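A.B. asks: I need the structure of the sequence given here:
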Amino acid sequence: MQRINSGGSVIINWFLKKFDELTNDELYDILKLRSEVFVVEQDCVYNDLDDRDKVAYHLFLKDLDEIVAVSRILPENTRFEEFSIGRLIVKKSHRGRGLSRLMMKKAIDFIINDLNQNKIRLSGQAYLTDYYISLGFKKVSDFYLEDGIDHFEFLYEK
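C.D. replies: Coordinates of the predicted model:
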């Protein structure tokens, strides 16, 4: 766990846990937030429970006891040949504070430095292309639909 000041007066607690290290409440709150954003807010019906959570690292942020941002880091040969980052969400009440950028940088740093990997691949929504490029990713695929939403694959190479 690391405490950081997120740019305002809010103190955020960062957690990075494997699936079997999550408490029941943490798992429930992660899945609840993903459902609130991906299913309800984005009006996208899809199967979020894809069994990949069981092999993932879960990076999340708590504001006091509330989970306000989540992402998951998948091992190589799970979704892609490379490690990948996905399911990144910041709760609506905490957007606009740079938390998604901080979370992505922390995930990239963990994969590159702690796991000694030199490539990260992700499937990102097309409207976020500039965001992923600003983090050092390159667009490496043609446009495709995933769950009815425009996506590209992006690759980060150290």
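
A.B. asks: As a check, name the ranges of all helices in the chain.
C.D. replies: 24-34, 99-109, 129-134 (DSSP state H).

A.B. asks: can you pull out the strands in this structure?
C.D. replies: 2-5, 11-18, 57-63, 66-74, 83-90, 119-125, 137-139, 144-146, 149-157 (DSSP state E).

A.B. asks: hang on, the earlier thing: and the helices of the chain, which is most packed in?
C.D. replies: helix 99-109 (a mean of 18; mean count of other CB atoms under 10 Å). Quick note: C-beta positions are derived from backbone N, CA and C, even for glycine.

A.B. asks: residues contacting Glu81?
C.D. replies: By CB atoms under 8 Å, 6 or more residues apart in numbering, Glu81 lies in contact with Arg121.

A.B. asks: mind starting the numbering at 29 from now?
C.D. replies: Taking 29 as the first residue, the last one we looked at is Glu109.

A.B. asks: circling back to that earlier point, Ile40 is nearest to which of the helices of the chain?
C.D. replies: In terms of CB to CB, the element of those nearest to Ile40 is helix 127-137, at 7.3 Å.
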